[in-house]
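[1] structure here, sequence nowhere to be found:
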């Protein structure tokens, strides 16, 4: 299962989290976010990595040109779209960045929001479901209503996000079968400052059998 730790800002923490078992590190490329990092800061993290992980740039309503520039400058191999990007925009971005994985995040406000998933699946590689917050795009600490997702089975891989922590991750995974999980605030001391003890606790929990 993919495990993405998002909101990385510090090179030493990126390396430590990768060593603990993360398969992807997420970097927030949205300037309004408290976890925002510049392409130069991302490269400082990426260049210190000694294990292979996905390097995910998180964008919200940026232009194709701006995303492409940052992907190249920061040596990213995955783009996560966390704004109001249309399926057509995803297709356009694919043409610019054919070798880069495209993740589209959808913030689930009500169960009806899941209906829009199928507008995207032909245009992206991976889906991410996050909790809805009226002012904040992600990293809110709010959880989704997992019970509304019990029958969720899109025709592409998907990641579960939204308020996941080492304490509740097994409860989520007993109900749902995502292809991966995405944590940010649930393993932090403060925005952008990861708590490595919590990250280690997460991987300890993930090593437990779900039936236990």
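    Sure thing, it's come through. For clarity, every value in this text was computed on a predicted model and none was experimentally measured.
[2] so where does the residue most central in space within the chain fall, helix or strand?
    Geometric centre of the chain, nearest residue: residue 182, 4.8 Å, by C-alpha atoms, centre = their mean. Assessed by DSSP states H and E, residue 182 sits inside strand 180-183.
[3] list the buried ones in the helix or strand following that strand?
    Later in the chain than strand 180-183, the nearest helix or strand by DSSP H and E is strand 188-190. Neighbour counts over strand 188-190 (16 or more other C-beta atoms under 10 Å) mark residue 188 as buried. C-beta: built from backbone N, CA, C; applies to glycine.
[4] with stretch 107-117 instead?
    Buried residues in stretch 107-117, counted by 16+ other C-beta under 10 Å: 107-108, 114, 117.
[5] coming back round to it: ok, the residue nearest to the centre of the chain - contacts?
    Contact analysis of residue 182 by C-beta atoms under 8 Å, 6 or more residues apart in numbering lists 4-6, 26, 128, 130, 159-161, 164.
[6] tally of neighbours for residue 51?
    10 (other C-beta atoms under 10 Å).
[7] ok, the residue nearest to the centre of the chain to residue 86 distance?
    According to C-beta to C-beta, to the nearest Å, residue 182 stands 22 Å off from residue 86.
[8] quickly list what the closest residue to residue 100 other than its chain neighbours is bridged to.
    Using C-beta to C-beta, 6 or more residues apart in numbering and skipping residues adjacent in sequence, the residue nearest residue 100 is residue 79, 5.6 Å away. Beta-bridge partners recorded for residue 79 (DSSP bridges): residue 57, residue 102.
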